[in-house]
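>>> Below is the sequence, then the predicted model.
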Amino acid sequence: MDPVRKNWGLKRSVEAVAVGVVLVGVLSVFLGLRPQKIHSSGCHFPAIYNFGDSNSDTGALSAVFYRLPSPYGNTFFGKPSGRISDGRLMIDFIAQKLGLPFLSAYLDSVGANFRHGANFAIGGSTILPLDGRMFEGRFSPISLDIQFRQFAQLKARVKEVISQDKSSYVSATIPRPEDFSKALYTVDIGQNDIHAGLRWKTVDQVLASISDMTAKLALTIEQLYQQGGRIFWIHNTGPLGCLPLVLAHTQPEHSDLDQSDCLKSYNEVAQEFNRQLKEKVLDLRAKLSDAVLTYVDIYTAKYTLISEAEKYGFIDPVGQCCGSQGDSPHHCGLNATTANGTEVFGGSCSNPSKYISWDSVHYSDAANEWVAKRVIEGSFSDPPVSITEACRKHPYFDSSQK
């Protein structure tokens, strides 16, 4: 979920990245990240292929540009992990639930292992290709269509390498060709398209462009289907108007806010994107008869947490943990100079687990865990199935098409 831009240098803003490099074997041994056992009746996914932005980027932007500084990663990993969070992302919880190791980023050349899938998500990515203004705004040039091309290249190269090299190293680090059709394909992207649009266009102009966004996303799913993908887990976009950064930048009047102090206009655009995305998923179900597509309502899951934050042990639901210094927030993990010349550091709050937002854009480890648990169990899915049953068509599919 990265609704906003992130700059590429450490001295610039960190507003749209979510990066991380995970050495799966080391983490499993030293951090106790053992895959969870799955009941024999559940699906057995051999791999996950993920496409998205900084909400699920586990190392791409980090590998291409720079490593995030402390306090990123400190809560869970004890050091910067590359993810824009103090800990894990939702894709990490999904992998653990399915008994798989954390996904390596496709663009990470150090310590990557693609035996159980690959992560093509990169912070700042968009569904639609960038225009010049978005590129200057520091959004990623690696849009969804390029992520698909990377996947297609990986699949083609796997076939070539296996035919040429039978070593144990190769068999342990690259996917098995037969696993591509059995894998889970996860998609979580769109927030940056909306955020970029609302920065430079009117609300009506952004609303008019949503059909292009959702059509492109649907086309990518069809292309993945043509490449052999059959099981898809598709996230909609979250409540953009509840992000602390959006609220700080727009300076809304009280009348512009809803009962949870979120910016109504931004959330309404996000909801329209989600409505059209769901329509596309329904169309794809009818068109791709042997595919299984699950639509996941991330928006409602996140808004539920924000609107009932105190009930679930969180405080200040539209505030941030890292980089918040009173009325003068600073970029998390970076030094900054105030108007009076004082140098300050954007440090962490004392208890990140109490905050939903980690750095004004991305969720904390605790918030990601809360959302992931409910999403994984099917509470916010259409059809309402657990991710461990996402390989099977549900009776709901048939009734929903009538």
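Happy to help now that I have it. Numbering: from 1, shown residues only.

>>> ok, which stretches of the stretch 251-400 of the chain are strands?
292-296, 335-337, 343-345, 381-382 (DSSP state E, counting those that start in this stretch).

>>> wouldn't Leu263 be in contact with Pro252 here?
Yes: with contact defined as Cβ atoms under 8 Å, Leu263 and Pro252 form a contacting pair (5.3 Å). The C-beta positions use only the backbone N, C-alpha and C, and glycine is treated the same way.

>>> Mean pLDDT per element in this protein, and the minimum belongs to which helix or strand?
helix 24-30 (a mean of 36; mean pLDDT, DSSP states H and E).

>>> higher neighbour count, Leu263 and Pro252?
More crowded of Leu263 and Pro252, by other Cβ atoms under 10 Å: Leu263, with 22 against 17.

>>> Please name the nearest non-neighbouring residue to that one.
Excluding its sequence neighbours, the residue lying closest to Leu263 (Cβ to Cβ, 6 or more residues apart in numbering) is Gly241, at 3.4 Å.

>>> Any idea how many residues pack against that neighbour?
Other residues lying near Gly241 total 28 when counted by other Cβ under 10 Å.

>>> Check Ser163 too.
9.

>>> In what element of secondary structure is it found?
helix 144-164 (DSSP states H and E).

>>> Just the buried positions in that helix, please.
144-145, 147-148, 150-151, 154-155, 158 (16 or more other Cβ atoms under 10 Å).

>>> Let me see the mean pLDDT of it.
For helix 144-164, mean pLDDT is 96.

>>> just checking, next helix/strand downstream of that helix?
Toward the C-terminus from helix 144-164 - assigned by DSSP H and E - lies helix 168-173.

>>> what residues does that next one touch?
112-115, 161-162 (Cβ atoms under 8 Å, 6 or more residues apart in numbering).

>>> mind redoing it with 7 Å?
Outside helix 168-173, the residues within contact range by Cβ atoms under 7 Å, 6 or more residues apart in numbering are 113-115, 161.

>>> which residues in the stretch 201-350 of the chain form helices?
203-226, 244-250, 264-287, 298-307 (DSSP state H, counting those that start in this stretch).

>>> measure stretch 367-385 end to end?
Terminal residues of stretch 367-385 lie 22 Å apart, using Cα to Cα, to the nearest Å.

>>> same question but for stretch 254-274, I mixed them up
End-to-end span of stretch 254-274 (Cα to Cα): 25 Å.

>>> and what of stretch 285-296?
14 Å.

>>> Could you save the strands of the stretch 251-400 of the chain as JSON lines and add columns showing distance to Tyr169, mean pLDDT and mean neighbour count?
Putting the strands of the stretch 251-400 of the chain into JSON lines (distance: least, Cβ to Cβ, whole Å; pLDDT from 0 to 100; neighbours: other Cβ atoms under 10 Å) gives the following:
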{"stretch": "strand 292-296", "distance to Tyr169": "34", "mean pLDDT": "98", "mean neighbour count": "24"}
{"stretch": "strand 335-337", "distance to Tyr169": "42", "mean pLDDT": "73", "mean neighbour count": "13"}
{"stretch": "strand 343-345", "distance to Tyr169": "43", "mean pLDDT": "81", "mean neighbour count": "12"}
{"stretch": "strand 381-382", "distance to Tyr169": "38", "mean pLDDT": "97", "mean neighbour count": "22"}
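
>>> Columns distance to Phe65 on top of the ones you listed, output as CSV?
Formatted as CSV, the strands of the stretch 251-400 of the chain follow (distance: least, Cβ to Cβ, whole Å):
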stretch, distance to Phe65
strand 292-296, 29
strand 335-337, 19
strand 343-345, 21
strand 381-382, 34
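
>>> And those: which comes nearest Phe76?
Closest approach to Phe76 among those is made by strand 343-345 (21.2 Å; Cβ to Cβ).

>>> rewinding a little: output the helix holding Ser163 as CSV, restricted to C-alpha atoms.
Extracted in CSV, the C-alpha atoms of helix 144-164 (Å, rounded to 0.1, in the frame of the first residue of the first chain):
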residue,chain,number,x,y,z
LEU,A,144,2.6,-3.2,-13.1
ASP,A,145,3.2,-4.0,-16.8
ILE,A,146,6.9,-4.2,-16.2
GLN,A,147,6.4,-6.4,-13.1
PHE,A,148,4.5,-8.8,-15.4
ARG,A,149,7.3,-8.7,-17.9
GLN,A,150,9.8,-9.6,-15.2
PHE,A,151,7.6,-12.6,-14.2
ALA,A,152,7.4,-13.8,-17.8
GLN,A,153,11.2,-13.5,-18.1
LEU,A,154,11.7,-15.4,-14.8
LYS,A,155,9.5,-18.2,-16.0
ALA,A,156,11.3,-18.4,-19.4
ARG,A,157,14.7,-18.4,-17.8
VAL,A,158,13.8,-21.1,-15.3
LYS,A,159,13.0,-23.4,-18.2
GLU,A,160,16.3,-22.5,-19.9
VAL,A,161,18.4,-22.9,-16.8
ILE,A,162,16.9,-26.2,-15.7
SER,A,163,17.6,-27.7,-19.2
GLN,A,164,21.3,-26.6,-18.9
